[in-house]
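Participant: Sequence and computational prediction follow.
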Amino acid sequence: MRYGDKVAVDGLSLSVERDSITAVLGPNGAGKTTTLETCEGYRAPQQGTVRVLGLDPRADRRALLPRIGVMLQDGGAWSGVRAVEMLRHVASLHAHPLDVGMLVERLGLGECGRTPYRRLSGGQQQRLSLAMAVVGRPELVFVDEPTAGMDPQARRTTWALLEELRADGVTIVLTTHYMDEAEQLADQVHVIDHGRLIASGSPFQLTRGTGNSTIRLVVTEPFPPGAPDSLQAALGPDTEVRPVNEQSLMISGPADASTLATVSAWCQQHGVLPESLTLGQRTLEDVFLQLTGRELAT
């Protein structure tokens with residue numbers, strides 16, 4: 001897919017297993033939204049083929065639409081419509097919808113059920129959008145940033161609902177800027193950047209498959225100039241040192257007694273007083289940063 005001279009999706013090839021939750025991750029501009037919109041039938045690929053549930057999203061749109069649900073990141077409801085009215089209207093378009101009252105209760109929409117859409121908070125709009133996407137009992141649901149703007153309790157409720165849908169045989173494809181969300185929910189993760197697939201695997205395979213761990217070094221005063229490069233040189237090429245902020249470094253690689261001793265010796269040599277030295281496994285965010293070199297921007 002091209003937009004003028006920009007290649008948004010560049011020979012991307014990936015698949016999604018049935019009865020799973022698959023996360024598609026990437027920095028802004030990586031091509032993930034274009035990819036999902038192509039799968040949803042909103043865009044036609046300029047090259048290559050797309051099949052969703054064995055169907056062409058464009059040519060077979062009439063047959064495909066009743067079998068999928070789409071949760072947009074923004075919009076999808078009339079500005080003046082009341083939340084529950086909108087959900088009931090969407091339910092009426094399907095042959096065998098889920099119970100609207102159940103969804104209203106599960107997603108906490110009762111408190112805002114009579115509120116016009118335009119007056120809902122961002123989190124409430126997201127909960128309504130998710131309810132609209134799943135009320136028709138789809139086989140496959142595309143969810144774009146499902147918990148953006150939600151408070152922690154609402155996030156957990158949404159996670160539980162998505163996990164229940166998977167247990168009931170619904171396939172879910174999601175994009176998210178929350179690494180903990182992808183790590184918690186996804187059976188499979190696809191990381192794309194500059195329109196290309198750069199990594200795939202389960203969260204366990206991506207974070208722990210190499211056997212590497214992370215060390216987070218937090219100090220009492222800002223690091224001296226050149227500290228990451230200096231510590232990198234002391235640790236050697238098998239270890240990566242990445243600044244988190246002016247008083248924190250993330251060290252990825254083999255984390256053993258020798259590594260910890262080298263970090264401690266480097267601190268003493270450079271007059272750096274550690275506040276904490278924390279050893280742990282790599283997170284999905286660590287992997288993402290290593291692969292793309294930049295954070296997910298919201």
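Facilitator: Yep, it's here.
Participant: so what's the backbone phi/psi at Q126?
Facilitator: phi -60, psi -40 (degrees, to the nearest 10).
Participant: how close does it get to G76?
Facilitator: Distance of Q126 to G76, given as CB to CB, to the nearest Å: 10 Å. Where you see a C-beta, it was placed from the backbone N, CA and C, and this is true even at glycine.
Participant: Likewise for D229?
Facilitator: Distance from D229 to G76, by CB to CB: 48 Å.
Participant: And these two? Which one has more around it.
Facilitator: Higher neighbour count among D229 and G76: G76, with 16 against 10, using other CB atoms under 10 Å.
Participant: so what's the nearest residue to the more buried one once chain neighbours are set aside up against?
Facilitator: Setting aside the residues directly before and after it, G76 is nearest to S129 in space (CB to CB, 6 or more residues apart in numbering), at 5.4 Å. S129 sits next to M71, L72, G76, A77 when contact means CB atoms under 8 Å, 6 or more residues apart in numbering.
Participant: Show me the beta-bridge partners of the first one.
Facilitator: What that stands for is M71. For M71, the beta-bridge partners are V143 (DSSP bridges).
Participant: quick one: it from F204, how far?
Facilitator: Between M71 and F204 the distance is 26 Å, computed by CB to CB.
Participant: Looking only at neighbour counts, state which of those two leads.
Facilitator: Ranked by neighbour count (other CB under 10 Å), M71 and F204 place M71 first, with 21 against 10.
Participant: The more buried one and M132 touch, don't they?
Facilitator: Yes. Between M71 and M132 there is a contact under CB atoms under 8 Å: 7.3 Å.
Participant: Touching, G76 and A131? I think so.
Facilitator: No. The pair G76 and A131 fails to qualify as a contact (CB under 8 Å) at a distance of 10.8 Å.
Participant: Quick one, grab the pLDDT at the residue nearest to V104 when sequence neighbours are not counted.
Facilitator: Closest residue to V104 in three dimensions, ignoring its sequence neighbours and counting by CB to CB, 6+ apart: G110, at 5.3 Å. Note for G110: predicted pLDDT of 92.
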